[in-house]
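**Q** below are the sequence and a predicted model; questions follow.
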Amino acid sequence: MDISIIIPVLDERESLPSLFKELDQNLVQFSKSEVIFIDDGSSDDSSDIIQTQCEKDSKYKLICFFRNFGKSAALAEGFKLASGSYVMTMDADLQDNPAEIPNFIAKLEEGFDLVSGWKKNRHDPWTKRWPSKLANLVTGIMTGVKIHDMNCGIKMYRKKVVKMLDIYGGRHRYIPALAGQRNFKVSEIVVNHRAREYGETKYGGSRLFHGFFDLITILFLNRYVQQPLHLFGFFGLISLALGLIVECVILYFKYGLGESFGSHMALLTFGVMLIVIGIQFFSIGLLGELISGTTQGHENRVKKIINA
């Protein structure tokens, strides 16, 4: 049994020695293991500490970024390098406990492809807990993936899942939803969430707004990336139809009631504007179809091939 653990790091020098010790204690049960740290532009000496550990123990690996690119970029690079049958992600702040590894594996073996942690008893300030609860509720309703903690840092995946996921921007917040869209089986387990011992949280209040826009992007790409004209054409058709109705009313005023165009200039202009907007929506949809046609071949569609 082999496992890869991916840990993004940003200014966590104080927590790293304890984290190394916990990882060593909990990875002895595996025949092969690797721990991939991604230093996301730390301003302290986190990368130097990890590099020293890599020189002592070959299972530790380090990827260093030129600057801070964000957690999604860090996870994406870790996913590329991971070679284990099981892949776990966790944070470096000691709030996630490596002792949970057997529980995650046991849940995966029940037939799931991704298991997310649920910090049922969170040791975080309310300014972090309540926005997270609201975001998870909205995400569950909009994506259909019903778990309590979509953005929990500690998760475990089968290798095939991480090799299929396309993570960038802020999409790491919705990895279970992305996996669910690809028909992977997603579940969760309650984990022991520990209070932060060192440093401060890296998350600010703006993440709630950023997360909402990321969610809209994910839903849009999932439903319309291959057929953008279905979306833009729908709005274009409505706008065009309303514009034509307005212009028909203007023609009735002119030729049915004998009123001049000038007496209804505002309504006439509004109708023309609706027609132009409708044409623009159709044009955007057609451009989207052209772009989509050149990129569809890059998506991995095949789940398995038997006797090929």
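**A** Perfect, thanks for sending it.
**Q** report the distance from the host helix or strand of Val35 to the chain centre.
**A** In the assignment (DSSP states H and E), Val35 maps to strand 32-39. How far strand 32-39 lies from its chain's middle: 21 Å, per C-alpha atoms, centre = their mean, to the nearest Å.
**Q** same question for stretch 57-65.
**A** 24 Å.
**Q** repeat that for stretch 181-191.
**A** Averaging C-alpha positions (C-alpha atoms, centre = their mean) puts stretch 181-191 14 Å from its chain's average.
**Q** same check on stretch 229-246?
**A** With C-alpha atoms, centre = their mean, you get 32 Å for stretch 229-246.
**Q** count the neighbours of Phe253 for me.
**A** For Phe253, the neighbour count with other C-beta atoms under 10 Å is 17. In short, each C-beta sits where N, CA and C put it, glycine included.
**Q** pLDDT weak spots in this structure?
**A** Scanning the chain for pLDDT under 70 picks out 1, 123-131, 199-215, 218-219, 221-226, 292-308.
**Q** top helix in it by residue count?
**A** helix 265-295 (DSSP state H).
**Q** now for that helix, which elements pack on it?
**A** In terms of contacts (3 or more C-beta pairs under 8 Å, 6 or more residues apart in numbering; DSSP states H and E), helix 265-295 is packed against helix 228-251.
**Q** in the helix it packs on, what counts as buried?
**A** 228-229, 231-233, 235-236, 239-240, 242-243, 246-247, 250 (16 or more other C-beta atoms under 10 Å).
**Q** elements contacting it?
**A** helix 207-224, helix 265-295.
**Q** repeat that with 7 Å
**A** Where contact means 3 or more C-beta pairs under 7 Å, 6 or more residues apart in numbering; DSSP states H and E, helix 228-251 is packed against helix 265-295.
**Q** angle of the helix it packs on against helix 228-251?
**A** 160 degrees (axes from the mean of the first three to the mean of the last three C-alpha atoms, to 10 degrees).
**Q** mind checking how far helix 265-295 is from the chain centre?
**A** 30 Å.
**Q** buried set for that helix?
**A** 268, 270-271, 274-275, 277-278, 281-282, 284-285, 288-289.
**Q** next: stretch 110-120.
**A** Using 16+ other C-beta under 10 Å as the test for burial, stretch 110-120 gives 112-119.
**Q** got the contact list for the closest residue to Leu229 other than its chain neighbours?
**A** Nearest residue to Leu229, sequence neighbours excluded (C-beta to C-beta, 6 or more residues apart in numbering): Gly285, at 3.6 Å. Counting by C-beta atoms under 7 Å, 6 or more residues apart in numbering, Gly285 touches 228-229, 232-233, 236.
**Q** redo that, cut-off 10 Å
**A** Gly285 sits next to 224, 227-236 when contact means C-beta atoms under 10 Å, 6 or more residues apart in numbering.
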